[in-house]
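Engineer: Kindly generate the corresponding structure for this input.
(2 chains)
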Amino acid sequence: MIPPAFEYARPASVEEAVRTLADAGEDAKVLAGGQSLLPLLRLRLAFPELVVDIGRIPELRGIREDEGTLIIGAMTSHHDVIRDPRVRRHAGLLAAATATVADPAVRHRGTLGGSLAHADPAGDLPAVILALDATLIAEGPAGRRAIPAREFFVDYLQTALHPDELLVEVEIPTVDGWGFHYEKFHRVAQAWAVVGVAALVRRDNGHIAEARIGLTNMGSTPLRAAATEEALVGAAAPGAVQRAAEVAADGTHPSSDPSASPAYRAHLAQVLTKRAVLTAGGMG
Amino acid sequence: MTDQVTEREVGRSRARKEDARLVTGQTNWTDNISVNGLLHLAILRSPMAHARIDRVDVAPARERPGVVAAFSGRDLAEGLGSLPCAWPVTEDIVLPDHPPIAVDEVRYAGDPVAVVVARDRYAAADALEAVEVDYTPLPPVLDLEAALAEDAPLVHADKGTNRCYVWPLATGEDYASVRQRADVVLKRRYVQQRLIPNAMEPRAVVVTPLAASGEYTVYSATQIPHILRIMLSMVTGVPEHKLRVIAPDVGGGFGSKLQVYGEEALALAVAQRLGRPVKWTESRSEGYLATHHGRGMIQDIEIAATDEGKLLGLKVDLLADMGAYLMLVTPGIPILGAFMYPAIYKMDAYDFTCTGVFTTRTPTDAYRGAGRPEATYAIERIMDELAVELGLDPIELRRRNWIRHEEFPYTAVAGLTYDSGNYEAATDKALALFGYDALRSEQQKRNEHGDVVRLGIGVSTYTEMCGLAPSRVLRDLRYGAGGWEAASIRMLPTGKVEVVTGTSPHGQGHVTCWSQIASDVLGVPFEDVEVLHGDTKAAPQGMDTYGSRSLVVGGTAVHHAAQKVVEKARKVAAHLLEASEHDLEFTHGVFSVKGSPEARKTIQEIAFETFSSHDLPDGMEPTINAEHLVDPENFSYPHGTHLCAVEVDTETGRTTIRSYVCVDDVGRVINPMIVEGQVHGGVAQGIAQALYEEAVYDDEGNLVSGTMADYLVPSAADLPEFVTGRTETPATSNPLGAKGVGEAGTIASTPAVVNAIVDALRPLGVTEVAMPCTPQRVWEAIEQARSGKDGSA
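Structural biologist: So this is what the prediction gives:
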């Protein structure tokens, strides 16, 4: 496959990257790990005039902690996220879900920020970030701004980022003590999720005190299963979880493809939500 | 003094000679070939399944940077013949014209309409966008049954029908009367979905012209350099003796490179016109449209039996999707399966009909197994259904009907004479490895508890016809060529050996196996043998590689050629040792005189003596080199028993293969490790049809599963550990005793998996799941059965 011709820039700093994007207007695409953009280019589904490679900006990589918040640089690779002890301790859901992304080669090249900015609803990490109530930090010509995950994913492959903004960091409130599980249903190992469910469960005295459910590939953006989250409060037994899971697909509009119809996706969302919550809550 | 071999090579798991080169990249794939002044082709393809071409304007493309030339179909039509179909299966077959590039009409999404030639691949791809084409859409023809209706739109309007051919075969007693005697008659419809072959290496072709002499060298990622040479000569008019075809290292084919492709003819035609070397390499998604597909059949099968489970007769009606055109052996693929529906079972009557149907889709042709997996699937699925109907264990039903080992050679109802086999032994061994009884009792427990995850067991006792093919049989089947194979052996002066084979390996390991065969016969070290192949100049005669034929036919030719070398060398040795030929013994590469072992000559010494020719027997031609061509007297019949246990999650519909046991009888084994590899790959490919792969089209005839994101090829991570075993009943039709192994796993495994899925779900009322058995389809089958039970559907 031969991509269409494009100009190429490789800025050395975030400031330079933002300036380059601002100069280019709407016709630029940011190249992070390249695991989504390159296939789009090669299939001639994307025709950017300029590709801005942010792979050599050291400040975009790395993970740090700051008073109950985990801060992950946008260009941190999946591989680095998975093996980082702070991520495992404070946001185990992210580590567990990232470990299911594609295959080792992709996990070494692909990045957390790239995956979120691409905003593919079939990607695993958008729903996880949504469930974690993360905040995404964008930098543009006017400086930085914080975008809550709930506002970041606008439509299919569309985010709240402006064309001259770069996603630089992801802030995740730590969820120590929460149970978690990412239940991914895919047909072959490297394939995208047909449906995925990211569950975070906080229990109190044997009852579910709070639950957050992120849904992968159940619509044009990642979604929260709000009705199920509400119904889960107070649940103590598998039967109650099952009943709560029956409304997991409420309000969703999943797509159709050779692997699944919308009706089947809705069914899967219920089954997988039940399983994810039971596992996350240690109730299975 | 050269080392002589004292241990037999045949039967050893020799590491493959080919692999060091292949896995380190020190090899020569067609796309790696570069020559001075090389130009690159890009091909514009129809975005529609069926349309009239009103206008093609390539002039704007010629203006693009780096572009050297651009051609429409009409520009190239003159001087290009129709692509060949070598297997017109009936006298009155409808044989449409098949231009290498469309001129007036496109008949599948992917049909070529224009060619751009540029200095690099990027410029060529970019310039495609400048070609202007006007189409008038015509109705697509997609459904096989609807295509045969009186008023159906036509794929080839000039032919007046979409019916390509009707090929009947009725053998044994009259089926209708046998059916009347039956206590049980079962009828089922099975659908063989279209599959897209996925060789690791995409197709590629390089053509280098030598203007001064009018010679052309065609490098192609092909399975069939010899056949390609003949056919390209016919299509392009380049005389055969001016055409050299080379298949460099080829990265897999599975039948998809058993073809004479339009792109090969186009590359040659463009090289002819421009007098410049050209290259074309397909991308994966381009290959999904333009490389031929496999399978694509509707199978109506009816089986008649007694209450005791004795089979009486079988009736099969096929609708086979030809796609838009007949390619090299398109019409013959279902016919290869025709003889295999009765499988290993004895019965009195067999009635088969195949109707070939044109559709506006990519043409179909050979894909691993080619007709035989389809046949095996249908008979093995309906045998399980019959077992249920009769209340018999599926193994027991098979036992009651299969040919017993003492009955070989056995002429089966379809007319083939199976020379050898032992179905009892293979099945007993498989059952023991599988733990059949323990799994059955676990299954029963799960069913009683109403477990969410059910267990199912699937059986497949298959045979196949391999070693294609006796030339006289091919004549009777109206195939356009013979089925022989050639080998020659060159004894080099230093005692090293070159084996020249007409087979054309593309991943199988012929170099290793042919070395083992030659080493044993000649008594020279394995390392001293080189194998030459895949170049019509180096290996001038051959029928190439497909249909599990290479070892059975080509390996046999190597064996005989080596024996001829020994017999010639014996004459020289007798002369030099001043002994009678009859008094010479030949062991481990050494001729010695009986009774006086010190009087000896090695075969390497004889090779040098022959080279110098100073002292040869009077009148002897100064060579011990030899050539041998083999025309097989019969097919070979590998067989085996495959057992599959699946767990089916009834909530999600997901199938997980828990264990897979296969015991294959491929006759005598040359290299056990290579056999093991072939079985693993074959089983994986069969499982892929059962669970994952399908060429999906939309209602307009566009390929929806157009990339590997939607066409799911499983990897090792998705497959179970295979437990493999073997029984060894030598073939009697060749001196190696070999039967072939390239397709066995693919033929056997698909029904074993689907039988297991249906077995798991039968307590829930499910009797059929269409392939591929995706989680959604399994879930829907369960839902339908449940609602049926409730009386609501």
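Engineer: now the strands for the stretch 301-450 of chain B?
Structural biologist: B:311-323, B:349-358, B:410-411, B:417-418 (DSSP state E, counting those that start in this stretch).
Engineer: Which neighbouring elements make contact with the last one?
Structural biologist: This points to strand B:417-418. Helices and strands touching strand B:417-418, by 3 or more CB pairs under 8 Å, 6 or more residues apart in numbering or on different chains; DSSP states H and E, are strand B:410-411. Every residue, glycine included, has its C-beta placed from N, CA and C.
Engineer: Check which helices and strands the strand it packs on sits against.
Structural biologist: Short answer (3+ CB pairs under 8 Å, 6+ apart): strand B:410-411 packs on strand B:417-418.
Engineer: Give the rounded mean pLDDT of the strand it packs on.
Structural biologist: For strand B:417-418, the mean pLDDT works out to 98.
Engineer: Including distance to B:L38 and mean neighbour count, could the strands of the stretch 301-450 of chain B go into a markdown table?
Structural biologist: Below are the strands of the stretch 301-450 of chain B laid out as a markdown table (distance: least, CB to CB, whole Å; neighbours: other CB atoms under 10 Å in any protein chain shown):
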| stretch | distance to B:L38 | mean neighbour count |
| --- | --- | --- |
| strand B:311-323 | 32 | 24 |
| strand B:349-358 | 38 | 24 |
| strand B:410-411 | 56 | 14 |
| strand B:417-418 | 51 | 16 |
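Engineer: Tell me the confidence at the residue most central in space within chain B?
Structural biologist: The centroid of chain B falls nearest to B:R368 when counting by CA atoms, centre = their mean (3.6 Å). Note on B:R368: pLDDT of 97.
Engineer: what secondary structure does B:G37 sit in?
Structural biologist: Under DSSP: H, G, I helix; E, B strand; the rest coil, B:G37 falls in the coil class.
Engineer: How about the one 4 residues further on?
Structural biologist: Three-state assignment for B:L41 (three-state DSSP): strand.
Engineer: Strands along the stretch 651-793 of chain B, start to end?
Structural biologist: Counting by DSSP E, counting those that start in this stretch, the strands of the stretch 651-793 of chain B are B:655-665, B:722-726.
Engineer: what helix or strand does B:Q272 sit in?
Structural biologist: helix B:262-274 (DSSP states H and E).
Engineer: Heading C-terminal from that helix, find the next helix or strand.
Structural biologist: Past helix B:262-274, the next helix or strand by DSSP H and E is strand B:278-281.
Engineer: For the helix or strand just after that next one, which helices and strands make contact with it?
Structural biologist: Using DSSP H and E, the helix or strand that directly follows strand B:278-281 along the chain is helix B:284-290. Under the contact definition 3+ CB pairs under 8 Å, 6+ apart, helix B:284-290 sits against strand B:39-45.
Engineer: thinking again about what came up before, rebuild the strands of the stretch 301-450 of chain B as CSV, extending it with distance to B:S220.
Structural biologist: CSV is the format used below for the strands of the stretch 301-450 of chain B (distance: least, CB to CB, whole Å):
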stretch, distance to B:S220
strand B:311-323, 21
strand B:349-358, 27
strand B:410-411, 41
strand B:417-418, 36
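Engineer: nearest to B:Y341, of these?
Structural biologist: strand B:311-323 (5.1 Å; CB to CB).
Engineer: how far out from the middle of the chain is that closest one?
Structural biologist: 20 Å (CA atoms, centre = their mean, to the nearest Å).
Engineer: and that strand, what does it pack onto?
Structural biologist: helix B:144-147, helix B:175-181, strand B:294-305, helix B:333-338, strand B:349-358.
Engineer: quick one: the third one to strand B:311-323, angle?
Structural biologist: Here strand B:294-305 runs at 160 degrees with respect to strand B:311-323, directions being taken by axes from the mean of the first three to the mean of the last three CA atoms, to 10 degrees.
Engineer: in its sheet, what does strand B:294-305 sit against?
Structural biologist: Take DSSP bridges as the rule and strand B:294-305 pairs in its sheet with strand B:184-195 (antiparallel), strand B:311-323 (antiparallel).
Engineer: Those strands into a markdown table, with extra columns for mean pLDDT?
Structural biologist: Output for the strands paired with strand B:294-305, formatted as a markdown table (pLDDT from 0 to 100):
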| stretch | mean pLDDT |
| --- | --- |
| strand B:184-195 | 98 |
| strand B:311-323 | 98 |
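Engineer: which one of those strands lies closest to B:S613?
Structural biologist: Evaluated with CB to CB, the strands paired with strand B:294-305 place strand B:184-195 nearest to B:S613, the distance being 56.2 Å.
Engineer: Can I get the closest one in PDB? Just the C-alpha atoms.
Structural biologist: Taking Å, rounded to 0.1, in the frame of the first residue of the first chain, the C-alpha atoms of strand B:184-195 are listed here in PDB:
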ATOM      1  CA  VAL B 184     -33.900 -43.300   6.800                       C
ATOM      2  CA  VAL B 185     -33.300 -40.600   4.300                       C
ATOM      3  CA  LEU B 186     -31.700 -37.300   5.500                       C
ATOM      4  CA  LYS B 187     -31.300 -34.200   3.400                       C
ATOM      5  CA  ARG B 188     -29.300 -31.200   4.400                       C
ATOM      6  CA  ARG B 189     -28.000 -28.000   2.800                       C
ATOM      7  CA  TYR B 190     -24.500 -26.800   3.600                       C
ATOM      8  CA  VAL B 191     -22.900 -23.600   2.500                       C
ATOM      9  CA  GLN B 192     -19.200 -23.300   1.700                       C
ATOM     10  CA  GLN B 193     -18.500 -19.700   2.300                       C
ATOM     11  CA  ARG B 194     -16.000 -17.900   0.000                       C
ATOM     12  CA  LEU B 195     -12.600 -17.800   1.400                       C
END
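Engineer: contacting residues around it?
Structural biologist: B:179, B:293-307, B:321, B:361, B:364, B:367, B:374, B:377-378, B:381-382, B:385-386, B:389-390, B:688-689, B:693-695, B:768, B:770-772 (CB atoms under 8 Å, 6 or more residues apart in numbering or on different chains).
Engineer: what's the distance between whatever helix or strand comes next after it and the middle of its chain?
Structural biologist: Following strand B:184-195 in sequence order, the next helix or strand is strand B:204-210 (DSSP H and E). Centroid separation for strand B:204-210 versus its chain: 26 Å, with CA atoms, centre = their mean.
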